[in-house]
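Q: got a predicted structure plus its sequence, pasted below:
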Amino acid sequence: MPYFDFAGNEPTITGACGVMLETDQGEIIDAESGYWCTPLGHGYQPVKTVSAAGYYCDLGTARHPPATELARQLCERLGYSKAIFLASGSSAVDCAIRVAFQATSSGKSIRSGLVSLKGSYHGSTGLTLMAAGSSYSRWLPTGGPVVHSIKGDIFGGPGVRNVPTAEPLSDVDWRDVASFVFEPIQGAGGVRELPVRAYDLLARQTWAHGGIVIADEVCTGIGRGGFLARSEVYENRPDILVLGKGLTNGEQPLSALLLSESVVSRIESSTNHPSVRYLWGETMGGTPAACMAALAVLEHVSNPTFLGKVRKTAASFKTLLVQTVGPLGPVVEVRAPHGAMMFGVKLASKSVADHACALALAKGVRLICEGSCIVLMPALVMQGRVWKRICSVMADSILEAAGALE
Ligand SMILES: Cc1ncc(COP(=O)(O)O)c(C=O)c1O
């Protein structure tokens, strides 16, 4: 659906409840959980009741109790030392990359490298687009922007490396790499999981040369990956963990960066001037209302019983999906990382995938395509009978689209 075409024929969403979208063309099942933001379904009551705090407080010069409590809970539950709150996934990953440059600098020497994975998506700022690589950054200068400053300051941006996991890493100058940034499971990249062994290899290589490992869990965090953070499955945890999307169940803009103790102490020693140490704030980052909404979400999503149920449901959804669409001719692969509420149905052709999504929408199911992969991220609380309907509509739509385009 084009962003700017507000006069198109697509349904206009006028409201939502649970996993159902209300539109001007009738009710539609939301198989994308509000584009990955509503793990608990639309209009989750405990979040709704706190989403107007009645006061504002910036975190740059002051503090407020909801932010303090949210930082405490996130850090305690996930094993980090400090939290920074921002307003979007993009600005949080951008900030994480900047923190890594700051933490790895020594004296006047600043590293210029960043390692990312092919197919990744990290947001829509200049830095995160570059980190995601070729197609997203096609309108940006290669090798990073050169800022021509009238006052004589020239800032050279990072040189970005895209490393396919299967290839040897020997052509990377790791001594110049400030950070390795990755998604434990790529979302926009078509639901591809970074194998634990590949994570270990890349993380060890980064650490061996003093770099910082950043897990972008904007998509996989808050239960979507089957855990509060998917990176909890790694033996050696990332230095910086980024959360966004589901943090407030889509009711408020909020993202968070969690920093390990070692990153914090490197930042503390990067400059003697406290006033330039933490230049990461954002006016709408971590507002009282957003933090209160996140606390209500955490209360539900961080419960181990709830997370265990998510993994069990994901396993049964995978079985049904594989049975229903796996044998279809146009389907190349069904992707369903273990325990995660993230599924991908890779087709041979992008046009068939696009057409199948349009047909499914007309039949009352909202699906989205990332290239030739249909990506499904239902609410974590979706019922089996609704999933069955999604699978059946998707199977019919794929066959119909393939027939029409043959
Ligand atoms: C893994 C990942 N990182 C970052 C982002 C950017 O988040 P936002 O759209 O909130 O800026 C996204 C959004 O899809 C994402 O999936």
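A: Structure's in. What do you need?
Q: and stretch 30-38, C-alpha only, in CSV?
A: What follows is stretch 30-38 as a C-alpha-only set of coordinates in CSV (Å, rounded to 0.1, in the frame of the first residue of the first chain):
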residue,chain,number,x,y,z
ASP,A,30,-4.9,-8.8,11.2
ALA,A,31,-2.3,-11.4,10.6
GLU,A,32,0.4,-8.8,11.1
SER,A,33,-0.5,-7.6,14.6
GLY,A,34,-0.6,-4.0,13.6
TYR,A,35,2.6,-4.3,11.6
TRP,A,36,4.3,-6.1,14.5
CYS,A,37,3.4,-3.6,17.2
THR,A,38,0.5,-5.1,19.1
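Q: name the residues that touch it?
A: In this structure, residues lying in contact with stretch 30-38 by C-beta atoms under 8 Å, 6 or more residues apart in numbering are 16, 19-21, 39, 41-42, 44, 187, 219, 224, 245-246, 249-250, 365-368, 375-380, 390. Quick note: C-beta positions are derived from backbone N, CA and C, even for glycine.
Q: close to the ligand as well: tell me which of those residues qualify.
A: Gly187, Cys219 (C-beta under 6 Å from any ligand atom).
Q: now, the contacts of stretch 30-38 that are in helices?
A: Judged by DSSP state H, helices contain the following of these: Ile390.
Q: looking at the contacts of stretch 30-38, which are in strands?
A: The members of those that map onto strands under DSSP state E are Ala16, Met20, Leu21, Val365, Arg366, Ile368, Val375, Leu376.
Q: can I get those residues in a markdown table with neighbour count and pLDDT?
A: Listed next are those as a markdown table, based on neighbours: other C-beta atoms under 10 Å; pLDDT from 0 to 100:
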| residue | neighbour count | pLDDT |
| --- | --- | --- |
| Ala16 | 19 | 94 |
| Met20 | 16 | 96 |
| Leu21 | 21 | 94 |
| Val365 | 24 | 97 |
| Arg366 | 21 | 96 |
| Ile368 | 19 | 95 |
| Val375 | 27 | 97 |
| Leu376 | 25 | 98 |
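Q: if we take the residues you listed, which one ends up nearest to Met284?
A: Distance to Met284, by C-beta to C-beta, is smallest for Ala16 among the ones in strands among the contacts of stretch 30-38, at 22.9 Å.
Q: quick check: the closest one touching Gly43?
A: Yes: the criterion here is C-beta atoms under 8 Å, and Ala16 meets it with Gly43 at 6.4 Å.
Q: would you map the strands across the stretch 301-406 of the chain?
A: Using DSSP state E, counting those that start in this stretch, the strands assigned to the stretch 301-406 of the chain run over residues 331-335, 343-347, 365-366, 368-370, 373-376.
Q: what number of residues lie near the residue of the stretch 251-400 of the chain found nearest the ligand?
A: Ranked by C-beta to the nearest ligand atom, the top residue of the stretch 251-400 of the chain for proximity to the ligand is Ser255, at 6.4 Å. When neighbours are counted by other C-beta atoms under 10 Å, Ser255 registers 30.
Q: contact partners for the residue of the stretch 51-200 of the chain found nearest the ligand?
A: As assessed by C-beta to the nearest ligand atom, the ligand sits closest to Gly89 within the stretch 51-200 of the chain, at 2.3 Å. Residues near Gly89 by C-beta under 8 Å, 6+ apart: Gly123, Asp216, Val218, Cys219, Val242, Gly244, Lys245, Ser255.
Q: repeat that with 10 Å
A: Gly89 makes contact with 36-37, 121-124, 128, 216-219, 221, 242-245, 247, 253-256 under the criterion C-beta atoms under 10 Å, 6 or more residues apart in numbering.
Q: endpoint to endpoint, stretch 61-70 covers what distance?
A: End-to-end distance for stretch 61-70, by C-alpha to C-alpha, to the nearest Å: 18 Å.
Q: how about residues contacting it?
A: In contact with stretch 61-70 (C-beta under 10 Å, 6+ apart) are residues 50, 53, 55-59, 71, 83, 85, 247, 254, 256, 281, 285-295, 298.
Q: go again with 7 Å.
A: Stretch 61-70 has contacts (C-beta atoms under 7 Å, 6 or more residues apart in numbering) with Cys57, Leu59, Phe85, Gly286, Pro288, Cys291, Met292, Ala294, Leu295.
Q: among the residues you listed, which are in helices?
A: Those of the contacts of stretch 61-70 lying in helices (DSSP H): Pro288, Cys291, Met292, Ala294, Leu295.
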